[in-house]
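Enquirer: Structure of the sequence below:
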Amino acid sequence: MLGAIIAIGSDVTFRTVIAFALLTSPAAAWEAVPGPICLLTHEEPGAAVRVSYDPTGPIYAITVTGAEPWADSTLFGIRFTGPAGLTITTNRHQIDGASLTVSDSGFGNVLNGLQYNATATAMLGGQSVTVSLDGAAPEVKKFRACTQAPVA
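Expert: Alright, predicted model coming up:
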């Protein structure tokens, strides 16, 4: 049916089809979700990031999911590119197919990287997954506020 609509050749119809396609595409947005476990999430084509904080640990975790399974390698790194660029590395990562998770009791550098930069690139061996940090700053602020809330 889309081919039939485009074949008509009407500029108005073509613009309508394009606008509809754009409006129905998933939005690439960062979102902080307060709750018993604080969450900060982001999805874009080929990549997803989930940061969590469990106050009962207390433990922070970041999970980066790409389009392909991660190959095992010794050193994981995340590079933040932008005005406050930095690279963080660790050998304490866990792989579950296309998802890679790092947990720690402190995440100040990770949160600063997410809040104050333009992109984040997760790297393991020869693989990498890059996500945009556009719109992350206000959501990271909300996430930080959640992590400082008293435990009920």
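
Enquirer: Once you drop chain neighbours, what's closest to the most centrally placed residue in the chain?
Expert: By Cα atoms, centre = their mean, the chain has its centre lying nearest to V49, at 2.9 Å. Excluding its sequence neighbours, the residue lying closest to V49 (Cβ to Cβ, 6 or more residues apart in numbering) is H42, at 4.6 Å. For glycine as for every other residue, the C-beta is placed from the backbone atoms N, C-alpha and C.

Enquirer: quick one: contacts for the one you found?
Expert: By Cβ atoms under 8 Å, 6 or more residues apart in numbering, the residues touching H42 are A28, A29, W30, E31, A48, V49, V131, A136.

Enquirer: Just list the residues touching the third one, thanks.
Expert: Looking back up the chat, that one is W30. L40, T41, H42, L133, G135, A136, E139, V140.

Enquirer: can you rerun that using 6 Å?
Expert: H42, G135, A136, E139 (Cβ atoms under 6 Å, 6 or more residues apart in numbering).

Enquirer: Of the residues you listed, which is the nearest to P58?
Expert: E139 (20.0 Å; Cβ to Cβ).

Enquirer: what's the burial count for the residue lying closest to I37 once chain neighbours are set aside?
Expert: Nearest non-adjacent residue to I37, counting by Cβ to Cβ, 6+ apart: D54, 5.0 Å away. Residues near D54, counting by other Cβ atoms under 10 Å, number 14.
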